[in-house]
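Visitor: Have a look at this prediction, sequence included:
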Amino acid sequence: MKNKLKSNIIIFISYLYIFLFTYTAISKIIDFETFLVQLGQSPLLSAYANWVAVLIPAAEIIISLILLIPKIRYIGLFLAFGLMIMFSSYIIIILNFSDFIPCSCGGIISQMNWNEHLFFNFTFVVIGGIGIILDTHLKFTLKEQLIKLTSISVFSIVSVVILYNLSENEMHRNNAFIRRYPHHPISDSKAIPLGYNSYYIAGFNEGKIILGNTTAPLHIVEIDTTLEDKIVRRIKMKDSKKYLFSAVQLKIKAPHFYLVDGSIPIIFKGNLSTWETTTKEKPDAKFSLLEPIKQDVFIVRQNNAKTSEHELQIIGKENNTSTNILQKKVDGVFDTDGMLLYNEQFNFIIYSYYYRNQTIITDNKLNLIKRVKTIDTLSQSPLEFAYTKGYTEKKLAQQPITINKYATTAGKYIFIKSNRLGKYESEVIAKQASIIDVYNIENNTYEFSFYFYHHNNEEIKSFKIYNNLIIGITNSYLVVRKLKSNYFQFENSKNTWPVSGKDRKPVTE
């Protein structure tokens, strides 16, 4: 009677596992694409989602078949126990060690949160352990049973931990093009209409967002970060009519502003309190990009006088440093096109290529610190050229693939906007939002990505970070969203990089 009761309990436990594994395996197979995407977004398994997506339902089905065979049922119970330990270990790591918590899985536990899911798994771990002890009491002593259960538990936990570490390394260091999306790292947006599509974010000053205007260079708008107060101003210039401006840009470096045009070239300086230019400087050569480093010192991108290739140069008071750090792969001009940034916290000059999966970081004297690859796996977009005006003018024959569409930097982060979809990403969501990839300068790592959703179906053209706000601009709107502090730490970041001499960090490719 006692043995029959044990046998019935073992059969009942086995059927519970069979039902659970069969149901979840079939659910995964029926909606395989969704399951694959869930694994692809997992912070634990994303780098190995393809083969894990096949192995898990396959293992569940195989274990279920083994549990149906009485003679080897105990093997199935051991395997089921180990698999549930793995699932439980996965959840524990997700809840305690992961950078973010992804969406829950589907199937029978689709309505459970992660803690309920963990309790559910632990229940089956206990049930499985009881089944093993009851089924193997004649085959092994209690001590042997406990040793085997402990060994399986340790093996299962260690396997998941190793997989987690390998996946983390693959995601952060090895440039596998799989993004990870935490839950809502930025808050809901506030926006105001601008009326024109010619505005751009020039900078910030004392809680004010300052907008420049490409079609009316002397016309500026100041808006507070609550988007409630708006002031329209006009820059005062005494001799503006002397110059044939064609590419004027407003740059803010509090307490001053700079009105620059690299096609002339000329740099006007003024005070933010009066919005009146006071001095002007005429650099020796034309430039296409400029960022203020400190008062009256600038980093510019210009063309080399001999080769016409792009190069970076520091200009200003007692500064005239240039470098050919922008490595030529095709022609040295189109292939090195990109965005020039300056990180005030680290005093870093950052150059992010449009058509390469690479960002260059130097100190403020253009000494190379490192070359950082983005998670995109395309190292160089193919470029095709066309020639006009008797082969004297070269242009792109067709628009190449833009790998890094826009970039900005703040604190220890570089934010890169990309239009390219990674593995397991939906084209539908890409039509509704811009993808922003976040990189950590201190750790040289890819952190995560998030969606900056369109406002009134308008995509953000550019964006800047101010304190804990991400401020974007569309054709018609200024949009402000808050960066959540549990994902972004600006205040605790410290400059740990040496910037010159033998102690400088080695360059990484």
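Guide: Done, it's in.
Visitor: Can you check the pLDDT for Y48?
Guide: Looking at Y48, its pLDDT stands at 76.
Visitor: Distance of it relative to T374?
Guide: For Y48, the distance to T374 equals 21 Å [Cβ to Cβ, to the nearest Å]. The way it works is simple: take the backbone N, C-alpha and C, and place the C-beta from them, glycine included.
Visitor: what does D337 give?
Guide: 16 Å.
Visitor: What of A285?
Guide: In this view, A285 and T374 are 30 Å apart by Cβ to Cβ.
Visitor: Kindly report the same for I18.
Guide: Applying Cβ to Cβ to I18 and T374 gives a distance of 46 Å.
Visitor: Comparing those two, which residue is more hemmed in?
Guide: Comparing I18 with T374 by neighbour count (other Cβ atoms under 10 Å), the higher total belongs to T374, at 24 against 20.
Visitor: what's near enough to touch the residue nearest to that one when sequence neighbours are not counted?
Guide: Counting by Cβ to Cβ, 6 or more residues apart in numbering, T374 lies nearest to N357, which is 4.6 Å off, once chain neighbours are set aside. N357 makes contacts with 175, 373-379, 403-404, as judged by Cβ atoms under 8 Å, 6 or more residues apart in numbering.
Visitor: and if you look at L366?
Guide: 299, 312-314, 321-323, 325, 349.
Visitor: how much space between the residue nearest to T374 and K373?
Guide: 5 Å.
Visitor: any idea which element the residue nearest to Y446 when sequence neighbours are not counted lies in?
Guide: Excluding the flanking residues, the one nearest Y446 by Cβ to Cβ, 6+ apart is I375, at 5.1 Å. I375 belongs to no helix or strand when elements are defined using DSSP states H and E.
Visitor: now do L5
Guide: Assigning secondary structure by DSSP H and E places L5 in helix 2-30.
Visitor: SS state for I94?
Guide: Recorded secondary structure, I94: helix (DSSP: H, G, I helix; E, B strand; the rest coil).
Visitor: Tell me if I'm right that it and L44 touch.
Guide: Yes. The pair I94 and L44 qualifies as a contact (Cβ atoms under 8 Å) at a distance of 6.3 Å.
Visitor: neighbour-wise, which of those two wins?
Guide: Taking other Cβ under 10 Å, I94 and L44 do not tie; L44 has more neighbours (25 against 20).
Visitor: how far away is the more buried one from R180?
Guide: In terms of Cβ to Cβ, L44 sits 10 Å off from R180.
Visitor: repeat for D261
Guide: 42 Å.
Visitor: which of the two has more neighbours?
Guide: Taking other Cβ under 10 Å, D261 and R180 do not tie; R180 has more neighbours (25 against 20).
Visitor: Once you drop chain neighbours, what's closest to that one?
Guide: Spatial nearest neighbour of R180, excluding adjacent residues (Cβ to Cβ, 6+ apart): F448 at 4.9 Å.
Visitor: and stretch 19-37, C-alpha only, in CSV?
Guide: The C-alpha coordinates for stretch 19-37 follow below in CSV (Å, rounded to 0.1, in the frame of the first residue of the first chain):
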residue,chain,number,x,y,z
PHE,A,19,2.1,18.9,-18.8
LEU,A,20,4.2,21.9,-17.9
PHE,A,21,7.0,21.1,-20.4
THR,A,22,4.8,20.0,-23.2
TYR,A,23,2.6,23.0,-22.9
THR,A,24,5.4,25.5,-22.7
ALA,A,25,7.4,23.8,-25.5
ILE,A,26,4.4,23.8,-27.8
SER,A,27,3.7,27.5,-26.9
LYS,A,28,7.3,28.4,-27.8
ILE,A,29,7.2,26.4,-31.1
ILE,A,30,3.8,27.9,-32.2
ASP,A,31,5.0,31.4,-31.5
PHE,A,32,8.6,30.8,-32.2
GLU,A,33,9.4,34.3,-33.5
THR,A,34,8.0,35.9,-30.3
PHE,A,35,10.0,33.5,-28.1
LEU,A,36,13.1,34.3,-30.2
VAL,A,37,12.6,38.0,-29.8
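Visitor: Which residues in stretch 213-229 does the neighbour count mark as buried?
Guide: 213, 217-223, 225, 227 (16 or more other Cβ atoms under 10 Å).
Visitor: what does stretch 7-27 give?
Guide: Neighbour-count burial for stretch 7-27 flags 10, 13-14, 16-18, 20-22, 24-25, 27 (criterion: 16+ other Cβ under 10 Å).
Visitor: likewise stretch 178-188?
Guide: 178-182, 185-186.
Visitor: Endpoints of that stretch, how far apart?
Guide: 25 Å (Cα to Cα, to the nearest Å).
Visitor: Likewise for stretch 320-327?
Guide: 20 Å.
Visitor: follow-up on the earlier one: over to the residue nearest to T374: give its phi and psi.
Guide: phi -90, psi 60 (degrees, to the nearest 10).
Visitor: Then the one 4 residues further on?
Guide: Its backbone dihedrals place I361 at phi -120, psi 130, with angles given as degrees, to the nearest 10.
Visitor: Can you pull up the most central residue in the chain?
Guide: D437 (2.2 Å; Cα atoms, centre = their mean).
Visitor: C-terminal to the helix or strand containing that one, what's the next element?
Guide: Assigning secondary structure by DSSP H and E places D437 in strand 433-440. The helix or strand immediately downstream of strand 433-440 is strand 445-453, counting by DSSP H and E.
Visitor: next helix or strand past that following strand?
Guide: strand 462-466.
Visitor: Name every strand pairing with that next one and say which way it goes.
Guide: Sheet pairing here is set by DSSP bridges, and for strand 462-466 it gives strand 469-473 (antiparallel).
Visitor: so V154 sits in a helix?
Guide: Yes. The assignment for V154 (three-state DSSP) places it in a helix.
Visitor: I'd like the distance between it and L166.
Guide: Distance of V154 to L166, given as Cβ to Cβ: 18 Å.
Visitor: and if you look at G129?
Guide: Note on G129: its distance to L166, by Cβ to Cβ, is 28 Å.
Visitor: Which one's more surrounded, these two?
Guide: Neighbours were counted for G129 and for L166 using other Cβ under 10 Å; G129 has more, 20 against 13.
Visitor: low-scoring pLDDT stretches of the stretch 401-509 of the chain, where are they?
Guide: 491-509 (pLDDT under 70).
Visitor: and for stretch 301-315, what are the contacting residues?
Guide: Outside stretch 301-315, the residues that touch it by Cβ under 8 Å, 6+ apart are 262, 283-290, 293, 297-300, 320-326, 328, 331-333, 336-337, 340, 349, 351, 362, 364-366.
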